[in-house]
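Engineer: give the three-dimensional model of this entry:
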Amino acid sequence: MTTINAEGVHYQKLNEDIHQALAAGERQIELTNVRGQRYIGVGLDAGVEITIQGIPGNDLAAFMNGARIEVHGNVQDGVSNTMNAGKVIVHGDAGDILCYAMRGGKVFIEGDVGYRSGIHMKAYQDNFPVLVIGGVAGDYLGEYMAGGVIVLLNLADNPQPAGYLVGTGMHGGAIYLRGQIDQSQVGAEVGFDQLSDQEWEMVQNLVAEFCGDLGLAPRQFGREEFTKLYPKSRRPYGNLYSY
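Structural biologist: I've put the predicted structure just below:
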């Protein structure tokens, strides 16, 4: 494993150092003293593992194609922007627009997330994005969501696990939310339902994987603790356009 000290290093130089290590054949890299450097892990392919000590800046793992990134700290905005494949594990909180237009892979956030997490997430053929959040989410969770899965675990049993306007413009995918959410908190396009046997098995498997990757004690939940949020229409704004 190669260790790179990012203390005081400009984000461009840091990313150059990462790519030089990869070009030399290194596949495991640890970054220490990260302080807001942007674009770490952009476009990296499978077989690469990056461990980050600190707080990476915007667009961590953007366009990533299969690498694995684990962050021991919080992350800023735009994590996994348009990510195609791979895994991001965060031992902390995340900022806004988490998983914007994410197309595949998995993102596990131990803590809370900001506004517009899961916006424009989409699935295509074998690509299926998964976002699991251990804490609570800000407004507009799953905005314009077109595919994939968001699981909101609310591990601290917060009385309000998500903000307002959840699923606004949602036209695909599903959100599985643990806790109570009122109809007034979701977009007009969102319906409520119970989890099917197949969905519950998937959620249980994701919870087990989430706890394992983050080093958390296994958690056992009841199916009745979760609510499924789904799009009532594939074309929620169809009547607003002319053809």
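Engineer: elements contacting the helix ranked longest in the chain?
Structural biologist: As assigned by DSSP state H, the longest helix anywhere in the chain is helix 197-214. Under the contact definition 3 or more CB pairs under 8 Å, 6 or more residues apart in numbering; DSSP states H and E, helix 197-214 sits against strand 85-90, strand 105-109, strand 129-133, strand 146-152, strand 172-178, strand 226-231. All C-beta spots, glycine's among them, are computed from the backbone N, C-alpha and C.
Engineer: try 10 Å this time
Structural biologist: Packed against helix 197-214, as judged by 3 or more CB pairs under 10 Å, 6 or more residues apart in numbering; DSSP states H and E, are the following elements: strand 65-72, strand 85-90, strand 105-109, strand 129-133, strand 146-152, strand 172-178, strand 226-231.
Engineer: against Tyr100, how distant is the nearest residue to Arg116 once chain neighbours are set aside?
Structural biologist: The shortest distance from Arg116 to any non-neighbouring residue, by CB to CB, 6 or more residues apart in numbering, is to Tyr140 (4.5 Å). Distance of Tyr140 to Tyr100, given as CB to CB, to the nearest Å: 11 Å.
Engineer: shared neighbours, those two?
Structural biologist: Common neighbours of Tyr140 and Tyr100, using CB atoms under 10 Å, 6 or more residues apart in numbering, are Arg116, Ser117, Gly118, Ile119.
Engineer: let me have the residues you listed in JSON lines, extended by distance to Gly8 and neighbour count.
Structural biologist: Shown next, in JSON lines, are these (distance: CB to CB, whole Å; neighbours: other CB atoms under 10 Å):
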{"residue": "Arg116", "distance to Gly8": "32", "neighbour count": "23"}
{"residue": "Ser117", "distance to Gly8": "31", "neighbour count": "30"}
{"residue": "Gly118", "distance to Gly8": "34", "neighbour count": "32"}
{"residue": "Ile119", "distance to Gly8": "33", "neighbour count": "21"}
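Engineer: which of the residues you listed fall within helices?
Structural biologist: Under the assignment DSSP H, those contribute nothing to helices.
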